[in-house]
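>>> What follows is a predicted protein model with its sequence.
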Amino acid sequence: MASVTRSSLDQRLALAKRCSHEGVMAGAKAAVVATVATAIPTLASVRMLPWARSNLNPTAQALIVSTVAGMAYFIVADKTVLASARKNSMDASNIKA
């Protein structure tokens with residue numbers, strides 16, 4: 001078994017931080033897009049459709065928009081982190097071979 005040096009641990013930690021930061025940024029961008037893409041039809045339907053006007057109060061509208069934004073954030077962030085980890089593990093296996 002190979003010994004683990006401090007520099008290799010620092011390098012792995014820096015790589016993990018970079019991957020998580022990429023995931024956070026991608027998730028935030030997706031959440032912004034999802035918020036706009038959900039808020040416009042939700043607000044328009046409340047103004048135009050009688051059913052939506054009577055049944056979707058401001059709390060329900062906010063819940064719809066925030067749920068979609070949260071889902072978009074976590075899905076995109078997770079996929080980005082996993083893709084980065086997969087890429088980095090492939091790079092590490094190519095270096096060892």
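That came through fine.
>>> Might you list the low-confidence residue ranges for this protein?
Counting by pLDDT under 70, the low-confidence segments of the chain come to 1-3, 92-97.
>>> the longest helix in the chain is where?
helix 6-48 (DSSP state H).
>>> next SSE after that helix?
Remark: after helix 6-48, the chain's next helix or strand is helix 50-55, criterion DSSP states H and E.
>>> so how far is that next one from its chain's centroid?
32 Å (C-alpha atoms, centre = their mean, to the nearest Å).
>>> Give the buried residues for the next helix or strand after that helix.
Later in the chain than helix 50-55, the nearest helix or strand by DSSP H and E is helix 58-96. Going by neighbour count (16 or more other C-beta atoms under 10 Å), the buried part of helix 58-96 is Gln61, Ile64, Val65, Val68, Ala69, Ala72, Tyr73, Val76, Ala77, Thr80, Val81, Ser84. Where you see a C-beta, it was placed from the backbone N, CA and C, and this is true even at glycine.
>>> close enough to count as contact, the fourth one and Ala34?
Yes - judged on C-beta atoms under 8 Å, Val68 makes contact with Ala34 at a distance of 5.0 Å.
>>> could the buried residues of helix 58-96 be laid out in CSV, adding distance to Arg12?
Listed next are the buried residues of helix 58-96 as CSV, based on distance: C-beta to C-beta, whole Å:
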residue, distance to Arg12
Gln61, 44
Ile64, 41
Val65, 38
Val68, 35
Ala69, 32
Ala72, 29
Tyr73, 26
Val76, 24
Ala77, 20
Thr80, 18
Val81, 15
Ser84, 13
